[in-house]
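J.: I need the structure of the sequence given here:
(2 chains)
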Amino acid sequence: MSTSAGITEPRGWTRGLLRSLSWLVFVFFYAPILVLIIFSFSDNRNVGVWGGFTTSWYADFVADEPLTGALSNSLQIAVVATLVSVVLGTMSGLALERFSFRGNRVFDALLYLPVIIPDVTMAVMLLLFFTQAAKWFGFSKGFGTIALSHIAFCISFVSIVVRARLAGMDDKLEEAAMDLYASRWQAFRHVTLPLIMPGIVGGALLAMTLSLDDVVITQFVTGAGWSTLPVYVFSLIRKGVTPLINAVSVVMLVASMALVALSLLAQRLRGEEAA
Amino acid sequence: MTTSRLRWTVAFAAFTLILAACGGDDSETAAGGTECAVGETDGNLALYNWAEYIDPEHLDAFAAEFGIEATMTEYDSNEAMLPVVSAGNSGYDVIVPSDYMVGIMIDGGFVQPLNFDAIPNASNISDEFANPSYDPEQAYSVPYQWGYTGLAVNTAVVGTDFPRSWSIVFGDNVPAEAAGKITLLNDPRETMGAALKALGYSLNTTDQAELDEAQDLVEAAKDNLLRFDTDSADELLTSGESVIAHGYSGDMFTQFLETDDPSQWLFFVPEEGGTRWIDNMVIPFDAPHPCTAHTFINWLLDGEEGAALSNWNYYGTPNKASIDLLDEELNAFLTDPTVLPGGLDNIEEIADTGDFEINYSDALNNAKG
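T.: Here you go, the predicted structure:
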């Protein structure tokens, strides 16, 4: 086991090289986003040709019924998928990390499956499953099938993040609480939950992003009238890409950044409360 | 990334087809089409279509006229649509596949025969779109919209004095001003098809020797190319980066109208021939509301409704009763004889070549080097 005190910071040209590499990576990540934002205000149908400042693409977005409809579909699905998968993912994470039971390892391996198999494989499996299920139980595909599919792959991601947090937590804290006559539930509620909360919030954000982003699985399991935003945007490409798509992306970007900022703020407030 | 995604999708589409073929025989459809009266509806309409291919208000007008509700769901490629529909219970009543995909869906039994007694407006279909190669009896499909693939030229740079031939990109007639400023589509079937046409072959050939010749032609043309580009061919042309562009008529035409002087641009299908694509309306084999589907198809084949469709999406109409009702600019473009200097004889639709498709992809990749 090594501590950070034993590691000396790089000096001289190594330091300079590492620093400039870091900056290059940042530029590589953020320059395209900057370009995207700038051209969402361009008064020219062609993406990449500057035609003066305008906010008309945002007005178009708000007025475009299919587009706002798809956005609303995406948000509804993302909220439901996030809430359900956070609860189930946290529970399975706790079960796997805290207890050993029959089939523990099998369950663990199965939980990783949605993370490692290609999207399209999962998409076809779900498509065939829902097609059969629809035949037997007579429901139609749409909100339910998309939400279930998203929950199915989000659970794994939430559980992985939560387990990582649990692994770094000392079991003895919980034992100590129970020694002091806390019930199992009280120990969980007042000791474990606050400690793993950053993991849960991180998992929730990840789940929400994955749900909002997903194209491949969604387009296989969607039903009449349930286009999500990314699926709709993909299908727009056949007619050519206009800055309207930039405007949509900027709105999504700002919304997800606001979400992250909000969760950071919530954690900070809670931290102050505890102190 | 798109290419690999597409390849996956196609691979799994094939996989689904096999599964559907093995297990899905319990979905029998009445041969000869569903019994429906003209204008009969049996539920709400679920349309599965490309994005921005019909005005949402136009669709609402249909719903209001027949007292039902209509929803549209979008897909981004024929290959993404196929597995969803072929698996069954898709819930869609009308879908809009392209030409070659109609052939695949008929072969697979994923579409039902139309009952033309319920579609009297089918008589409005122009003769040149009747009985297409992919549905020779016109039993399963009716055309929705169409367009050509050809060459678009900036006449302000190269003038108008050049042969209307593929040789301005593939041969000895490349205008000096266009050298290094030509784009070809980055699409195996379209680009190899153009070279095959330039050589006088069918663009659906399955003869490897002919395809090899076409590959050499594309390879030789590379010196004069700006690049292979599909998504922004129209924008590169009007922004001045390219001078001759291989592209789709609808894209080019709408792009021309965005510029200050639309008359500066010329679009034509070279006289040796080229591609025409046709998107079609078909009804899935297990459509929940087949009578509503028939009624919708009949309604859209009406002259006025067909014109409203084209005036909104600006693609070609296959409806002869709609031609005179089109916007002036669109009408002028669609009926312009200079667009088709070689006439209709050499025009072909891309057909599915089955296992030979991969040879087209290989040929283009080899030519690109």
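
J.: how about residue A:208, what does it touch?
T.: A:78-79, A:81-82, A:256, A:259 (C-beta atoms under 8 Å, 6 or more residues apart in numbering or on different chains). All C-beta atoms are positioned from the backbone trio N, CA, C, and that covers glycine.

J.: And for residue A:31, the neighbour number?
T.: Other residues lying near residue A:31 total 10 when counted by other C-beta atoms under 10 Å in any protein chain shown.

J.: so it is in which element?
T.: helix A:12-39 (DSSP states H and E).

J.: ok, the very next helix or strand once past that helix near chain B or not?
T.: Following helix A:12-39 in sequence order, the next helix or strand is helix A:56-63 (DSSP H and E). No. Helix A:56-63 lies apart from chain B when judged by C-beta under 8 Å from any C-beta of the partner chain; the minimum separation is 11.3 Å.

J.: relative to helix A:12-39, how tilted is helix A:56-63?
T.: Per axes from the mean of the first three to the mean of the last three C-alpha atoms, to 10 degrees, the angle that helix A:56-63 makes with helix A:12-39 is 60 degrees.

J.: what's helix A:56-63 packed up against?
T.: Counting contacts by 3 or more C-beta pairs under 8 Å, 6 or more residues apart in numbering or on different chains; DSSP states H and E, helix A:56-63 is packed against helix A:65-98, helix A:243-274.

J.: Flag every buried residue along the last one.
T.: Just to be clear, that refers to helix A:243-274. For helix A:243-274, the neighbour count (16 or more other C-beta atoms under 10 Å in any protein chain shown) marks A:243-252, A:263 as buried.

J.: Which among the helices and strands packed on helix A:56-63 is found nearest to residue B:242?
T.: Residue B:242 lies closest, by C-beta to C-beta, to one member of the helices and strands packed on helix A:56-63: helix A:243-274, at 21.1 Å.

J.: what angle sits between that closest one and helix A:65-98?
T.: 40 degrees.

J.: Give me the helices and strands touching helix A:243-274, please.
T.: So helix A:243-274, by 3+ C-beta pairs under 8 Å, 6+ apart, packs with helix A:12-39, helix A:56-63, helix A:65-98, helix A:193-213, helix A:229-236.

J.: any idea which element the spatially closest residue to residue B:356 that is not a sequence neighbour lies in?
T.: Leaving aside its sequence neighbours, residue B:356 sits nearest to residue B:206 (C-beta to C-beta, 6 or more residues apart in numbering or on different chains; 4.6 Å). Per DSSP H and E: residue B:206 is located in neither a helix nor a strand.

J.: Who are the contact partners of residue A:131?
T.: B:87-89 are the contacts of residue A:131 under C-beta under 8 Å, 6+ apart.

J.: same thing with residue A:191?
T.: Contacts of residue A:191 by C-beta under 8 Å, 6+ apart are A:173-174, A:177, A:182.

J.: Check these for burial and list the buried ones.
T.: The neighbour count (16+ other C-beta under 10 Å) marks A:174, A:177, A:182 as buried among these.

J.: wait, the last one sits on residue A:173?
T.: To tie it back to what came earlier, the one meant is residue A:182. No. Contact criterion C-beta atoms under 8 Å: residue A:182 and residue A:173 do not qualify, at 10.8 Å.

J.: in the stretch 151-275 of chain A, which ranges drop under the pLDDT threshold?
T.: Applying pLDDT under 70 to the stretch 151-275 of chain A flags residues A:240, A:267, A:270-275.

J.: Please identify the residues of it in proximity to chain B?
T.: Residues of the stretch 151-275 of chain A lying near chain B (C-beta under 8 Å from any C-beta): A:216, A:219-220, A:222-227, A:231-232, A:234-241.

J.: The residues you listed, buried ones only, as a ChimeraX selection?
T.: Here is the ChimeraX selection string for the buried members of those, based on 16+ other C-beta under 10 Å:
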select /A:216,219,220,222,223,224,225,226,227,231,232,234,235,236,238,239,240,241
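
J.: Tell me which of the helices and strands packed on helix A:243-274 sits most buried.
T.: helix A:229-236 (a mean of 24; mean count of other C-beta atoms under 10 Å in any protein chain shown).

J.: quick one, what contacts residue 179?
T.: Just so you know, I chose chain A. By C-beta under 8 Å, 6+ apart, residue A:179 has no neighbours at all.

J.: Please refer instead to chain B.
T.: So residue B:179 contacts B:223-224 (C-beta under 8 Å, 6+ apart).

J.: And residue B:194, by the same measure?
T.: Applying C-beta under 8 Å, 6+ apart, the residues near residue B:194 are B:149, B:166, B:169-170, B:184-185, B:203, B:246, B:274-275.

J.: swap in residue B:247?
T.: B:149-152, B:183, B:185, B:233-234, B:237.

J.: what's the burial count for the residue lying closest to it once chain neighbours are set aside?
T.: Closest residue to residue B:247 apart from its sequence neighbours, by C-beta to C-beta, 6+ apart: residue B:233 at 4.2 Å. Using other C-beta under 10 Å, the number of residues around residue B:233 comes to 24.

J.: I'd guessed residue B:233 sits against residue B:187; true?
T.: No. Between residue B:233 and residue B:187 there is no contact under C-beta under 8 Å: 10.3 Å.

J.: Nearest residue to the residue in the stretch 101-250 of chain B positioned nearest to chain A in space, ignoring adjacent ones along the chain?
T.: Closest contact between the stretch 101-250 of chain B and chain A, by C-beta to the nearest C-beta, is at residue B:235 (4.4 Å). On the basis of C-beta to C-beta, 6+ apart, the spatially nearest residue to residue B:235 that is not a chain neighbour turns out to be residue A:46, at 4.4 Å.

J.: now swap in residue A:186 and tell me
T.: Nearest to residue A:186 is residue A:177, by C-beta to C-beta, 6+ apart, at 7.3 Å.

J.: related to what we said a few turns ago, for the buried residues of helix A:243-274, which one is nearest residue A:51?
T.: Once C-beta to C-beta is applied, the member of the buried residues of helix A:243-274 that ends up nearest residue A:51 is residue A:243, at 9.1 Å.

J.: list the contacts for that closest one?
T.: A:39-42, A:44-45, A:47, A:57.

J.: and residue B:145, what are its bridge partners?
T.: Per DSSP bridges, the residues bridged to residue B:145 are residue B:279.

J.: I'd say it and residue B:311 touch.
T.: No. Residue B:145 is not in contact with residue B:311 according to C-beta under 8 Å; the separation is 11.7 Å.

J.: Which residue of those two possesses the greater neighbour count?
T.: residue B:145 (24 against 17).

J.: coming back round to it: format the helices and strands packed on helix A:56-63 as CSV; extra columns: distance to residue B:358.
T.: What follows is the helices and strands packed on helix A:56-63, written out as CSV (distance: least, C-beta to C-beta, whole Å):
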stretch, distance to residue B:358
helix A:65-98, 35
helix A:243-274, 32
